[in-house]
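Here's my sequence, what's the structure:
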Amino acid sequence: MQKYRRLLSEYGPIIAALVLIAALLLLPTGYEDNVVYKESVICPALVLSTDESLVVDTGLVRSGDQICELEILSGPFKGETAEGNNGLNGSLEQDKLFEAGDKALVRINHAEGKILSVSMIDHYRVPMELLLAGLFIVLLVLFAGKTGLRALLSFAVCVLMIWKVLVPGALNGANPVWLGLGAVLVMAAMTVSLVYGFDRRALAALSGCVLAVAVTCLMGMLFTDLFKIHGAVMSYSESLLYSGYSQLNLTRIFMASIFIGASGAVMDLAVDITSAVSEVTEKRPDIAFREAVRSGFTVGRAALSTQTTTLLLAYSGGYISLLMVFMAQGTPVETIFNLKYVAAEMLHTFVGCFGLVTVAPLTAVTASAALTRKNKAP
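Here you go, the predicted structure:
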């Protein structure tokens, strides 16, 4: 009986993850037949030559139209040549320029088997992205072995939960806070189970993680209201309102993004502390609950010093250019802190750090309670 329990604990999470991945892959989002793509074909094309005669160069930016001679590389028009239009709006952030030999992703508008027009979407980056992902997978498996494979399963579950459940659910009008909490619970359960198997350590880590995420959620909701932050502060979120989704509550989506963004670091710290307490109880089977908790607290304090900095750098790294603009323009510090974009990032950072600070003691208590009780069991 003990043997079967051990096998279930070790291989049960793998089977559960594979079943969940298969179910999510088969789960329709409801947006597969989006009408935007019915009258056009999206495919890669090779840029044969370019014509910049219609491009207006104003120094830093360009406007007008770049005309590209293209060879279609796939789809019903594979092998055909066509003229593609690359519209430039004078924005370095959004515009792109092509050169002969580049591969581009294009949208082909057609009717009765003939190409009507071709618009340039962007550079075709999928092969390089797949190469990068493949290198990551190979390195992870070579270094971590079976543990790396378990990590890949956890990664796949998280990606599919976000794309197949969280995103379409929010678009369909589900409460993003409850939807986000449910998605985080599933992702955390699968992640810690793949690390530990179905045993007390997984339950202890999951308990601490869920409690900390709940605290982070409440703090995020409270301070989003106190900071008077509207969800439109998120990039591209306002576009949703003009795309037929005016019923969406962007502020609640922003609230959900706070604890979803912090949940990864929270899970990481919960697993670290649980592993430390588990190691202590294995070496000292007679250790008391309070002593195990103190050991968990010690590990938690040491980990927090780096985890909070990691979270700060993760959130602020994408805003270096904005900070440079503030410094270059001599913007007063008081003004900077009152801008909604800065306030939103501060909210993300400090509420996320609040979750880390709470997950450390909570996990130390839950892990000590579960693992010291295990040692005392006959």
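
The helix of greatest length in the chain packs against which elements?
In the chain, taking DSSP state H as the definition, the longest helix is helix 340-376. Judged by 3 or more CB pairs under 8 Å, 6 or more residues apart in numbering; DSSP states H and E, helix 340-376 is in contact with helix 200-227, helix 250-283, helix 289-316, helix 333-338. For the C-beta atoms, the positions are set from N, CA and C on the backbone; glycine is no exception.

quick check, distance from stretch 67-75 to the centre of its chain.
In this view, stretch 67-75 has its centroid 33 Å away from the chain centroid, taken as CA atoms, centre = their mean, to the nearest Å.

again with stretch 283-301
Centre-to-centre, stretch 283-301 and its host chain are 33 Å apart (CA atoms, centre = their mean).

sec struct for I121, please.
Three-state call for I121 (DSSP: H, G, I helix; E, B strand; the rest coil): strand.

Which residues belonging to the helix or strand G84 falls within are considered buried?
Counting by DSSP states H and E, the element that carries G84 is strand 81-89. The neighbour-count check on strand 81-89 (16 or more other CB atoms under 10 Å) flags A82, G84, N86, L88 as buried.

residues touching the third one, list them.
Applying CB atoms under 8 Å, 6 or more residues apart in numbering, we find N86 in contact with D65, Q66, I67, C68, K96, L97, F98, S119, M120.

hang on, the first one is in a strand, isn't it?
This points to D65. Yes. Counting by three-state DSSP, D65 falls inside a strand.

ok, it - how many residues close by?
Residues lying near D65 (other CB atoms under 10 Å) number 16.

With A82 as the reference, measure out to it.
The gap separating D65 from A82 is 15 Å, by CB to CB, to the nearest Å.

Now do the contacts for the nearest residue to L211 once chain neighbours are set aside.
Once flanking residues are discounted, L211 sits nearest to L362: 4.8 Å by CB to CB, 6 or more residues apart in numbering. Counting by CB under 8 Å, 6+ apart, L362 makes contact with S207, G208, L211, A212.

and if we set it to 6 Å?
By CB atoms under 6 Å, 6 or more residues apart in numbering, L362 lies in contact with G208, L211, A212.

Mind putting those residues into TSV with neighbour count, distance to K103 and pLDDT?
TSV is the format used below for the contacts of L362 (neighbours: other CB atoms under 10 Å; distance: CB to CB, whole Å; pLDDT from 0 to 100):
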residue	neighbour count	distance to K103	pLDDT
G208	31	47	92
L211	20	49	93
A212	28	45	93
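
Give the buried residues for stretch 102-109.
Neighbour counts using 16+ other CB under 10 Å place D102, K103, A104, V106, R107, I108 of stretch 102-109 among the buried residues.

any idea which of those residues is the one closest to S275?
Nearest to S275, judged by CB to CB, of the buried residues of stretch 102-109 is K103 at 45.3 Å.

picking up where we left off before, what separation is there between the residue nearest to L211 and T216?
From L362 to T216 the distance is 11 Å (CB to CB).

Show me how this protein divides into domains.
The chain resolves into domains spanning 35-124, 137-376 when parsed by automatic domain parsing.

So for P13, which of those domains sits nearest?
domain 137-376 (3.9 Å).

ok, and the closest non-adjacent residue to S91?
Among residues not flanking S91 along the chain, V61 sits closest, at 6.8 Å (CB to CB, 6+ apart).

And for that neighbour, the neighbour number?
Using other CB under 10 Å: V61 sits among 14 other residues.

Could you check how far it is from V55?
V61 is 11 Å from V55, by CB to CB.

Spell out for me the ChimeraX command that would select the buried members of the contacts of N86.
Applied in ChimeraX, the following selects the buried portion of those according to 16+ other CB under 10 Å:
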select :65,66,67,68,98,120
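
out of the contacts of N86, who's nearest G134?
With CB to CB as the yardstick, the closest approach to G134 among the contacts of N86 comes from K96, at 25.2 Å.

what about that closest one, which SS state?
Assigned state for K96: coil (three-state reduction, three-state DSSP).

Leaving out chain neighbours, which residue sits closest to it?
Spatial nearest neighbour of K96, chain neighbours left out: D122 (5.8 Å); criterion: CB to CB, 6+ apart.

A288 too?
Of all residues not flanking A288 in the chain, T372 sits nearest, at 7.0 Å (CB to CB, 6+ apart).

How many neighbouring residues does that neighbour have?
T372 has 22 neighbours, counted by other CB under 10 Å.

V280 touches S295, doesn't it?
Yes. Using CB atoms under 6 Å, V280 makes contact with S295 at a distance of 4.8 Å.
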